[in-house]
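Engineer: Model the structure of this input:
(one chain, ligands or ions: 1)
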Amino acid sequence: ARAQAMEVDQSPSVEYDDIGGLEEKLREVREAVEDPLVNPEQFEKVGVEPPSGVLLYGPPGTGKTMMAKAVANETDATFIKMAGSELVQKFIGEGSRLVRDLFELAEKEEPAIIFIDEIDAVAAERTDSKTSGDAEVQRTMMQLLSEMDGFDERGDVRIIAATNRFDMLDSAILRPGRFDRLIEVPNPDQEARERILEIHTEGMNLAEAVDYETLASKTEGFSGAELESLTTEAGMFAIRDGRDEVKMQDFDDAYTKIVESSEDGSMPSY
Ligand code: ATP
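Structural biologist: Here you go, the predicted structure:
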């Protein structure tokens, strides 16, 4: 079961160009993660320690995982993903053991990027640490921090974590030398939405009249993931209609379907 908790990808296929918007955010991630992997001597010469960990925070489906994968791909690093929720285990010591295994594996596979999704599952501020389950989660978090504190000797392993619940995090994980690079990954703005729509319709047979600008202004508040499902749904409408070309009307229908299927008639709010 332990091996299954981690997703190991020797060469993830995501490229920087597959990411819509987020240019500035990507630049920050690359500076913190890619530069130390590719050019460690530069840090030595200048005499600064590269940031230990990068924390990406923001609403779901905005490209956090994509960014981590793309950096791994473009630096030829192994991508090792673990969900924070997987680190919350029933039996005493199991969570800490998973953390140790995770870092051991990364060292073996270096250069490697460890990506911990939903870090809040192990790193939420505890209001009541007396219950035993909480104490165990706390131990797992301490193990994670101690692995990160021992980073210097670790060489080519970088760590990226992500959360949708920044407000819930224990400040201990944000201290210098830990997740000391915070990067907010917001929902896409108009221009980014246009770009994301363009990316996800690249392989689609679109009618002339499909207009990214109009679609983007209609989809304010959509995440990248929601824009992706909009394009897929539009394609499905064309298929149902027996057409091999996707029309603007299909996107409008897809939009209505997506908005209506979310409970209160609006997109889920963050
Ligand atoms: P979560 O917080 O739910 O884990 P996330 O921020 O890690 O979400 P991703 O897994 O990176 O989100 O994105 C999910 C999917 O949505 C991607 O595989 C991609 O198809 C699409 N997507 C999200 N953001 C973007 C973007 N900025 N550009 C292009 N596609 C995007």
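Engineer: contacts, neighbours, all on C-alpha from now
Structural biologist: OK.
Engineer: Please identify the residues of the stretch 1-150 of the chain in proximity to the ligand?
Structural biologist: Within the stretch 1-150 of the chain, the positions near the ligand by Cα under 6 Å from any ligand atom are 18-21, 60-66.
Engineer: Now with 5 Å, please.
Structural biologist: Neighbours of the ligand within the stretch 1-150 of the chain, by Cα under 5 Å from any ligand atom: 19-20, 60-66.
Engineer: Reformat those residues as CSV; add secondary structure and neighbour count.
Structural biologist: What follows is those, written out as CSV (DSSP: H, G, I helix; E, B strand; the rest coil; neighbours: other Cα atoms under 10 Å):
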residue, secondary structure, neighbour count
Ile19, coil, 22
Gly20, coil, 21
Pro60, coil, 20
Gly61, coil, 19
Thr62, coil, 24
Gly63, coil, 24
Lys64, helix, 29
Thr65, helix, 19
Met66, helix, 18
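Engineer: Is Glu49 in a helix, a strand, or coil?
Structural biologist: coil (DSSP: H, G, I helix; E, B strand; the rest coil).
Engineer: re the thing from before, I'd like the residues of the stretch 1-150 of the chain next to the ligand as JSON lines, with pLDDT and distance to Phe166 appended.
Structural biologist: As requested, these are arranged in JSON lines below (pLDDT from 0 to 100; distance: Cα to Cα, whole Å):
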{"residue": "Ile19", "pLDDT": "97", "distance to Phe166": "22"}
{"residue": "Gly20", "pLDDT": "97", "distance to Phe166": "23"}
{"residue": "Pro60", "pLDDT": "96", "distance to Phe166": "12"}
{"residue": "Gly61", "pLDDT": "97", "distance to Phe166": "15"}
{"residue": "Thr62", "pLDDT": "98", "distance to Phe166": "15"}
{"residue": "Gly63", "pLDDT": "97", "distance to Phe166": "16"}
{"residue": "Lys64", "pLDDT": "97", "distance to Phe166": "14"}
{"residue": "Thr65", "pLDDT": "97", "distance to Phe166": "16"}
{"residue": "Met66", "pLDDT": "97", "distance to Phe166": "19"}
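Engineer: ok, of the residues you listed, which one's closest to Glu194?
Structural biologist: If you rank those by distance to Glu194 using Cα to Cα, Gly20 comes first, at 8.3 Å.
Engineer: what residues are up against the closest one?
Structural biologist: If a contact means Cα atoms under 8 Å, 6 or more residues apart in numbering, then Gly20 has 192-193, 195-196, 199 as its contacts.
Engineer: Likewise for Lys64?
Structural biologist: Lys64 makes contact with 56-57, 162, 185, according to Cα under 8 Å, 6+ apart.
Engineer: ok, it to Val14 distance?
Structural biologist: Distance, Lys64 to Val14, by Cα to Cα, to the nearest Å: 12 Å.
Engineer: which one is Leu144 nearest to, not counting chain neighbours?
Structural biologist: Spatial nearest neighbour of Leu144, chain neighbours left out: Val99 (6.1 Å); criterion: Cα to Cα, 6 or more residues apart in numbering.
Engineer: need the contact list for the one you found.
Structural biologist: Contacts of Val99 (Cα under 8 Å, 6+ apart): 87, 140, 143-144.
Engineer: Filter these down to the ones in strands?
Structural biologist: Assignment to strands by DSSP state E places none of the contacts of Val99 there.
Engineer: Select from these the one having the most neighbours.
Structural biologist: Highest neighbour count within these, by other Cα atoms under 10 Å: Thr140, with 26 neighbours.
Engineer: Grab the nearest non-local neighbour of it.
Structural biologist: Ser96 (4.6 Å).
Engineer: ok, that neighbour - how many residues close by?
Structural biologist: Using other Cα under 10 Å, the number of residues around Ser96 comes to 22.
Engineer: So Tyr139 sits against Arg97, correct?
Structural biologist: One correction, residue 139 is Arg, not Tyr. No. The criterion here is Cα atoms under 8 Å, and Arg139 misses it with Arg97 at 10.5 Å.
Engineer: With that, I have no additional questions.
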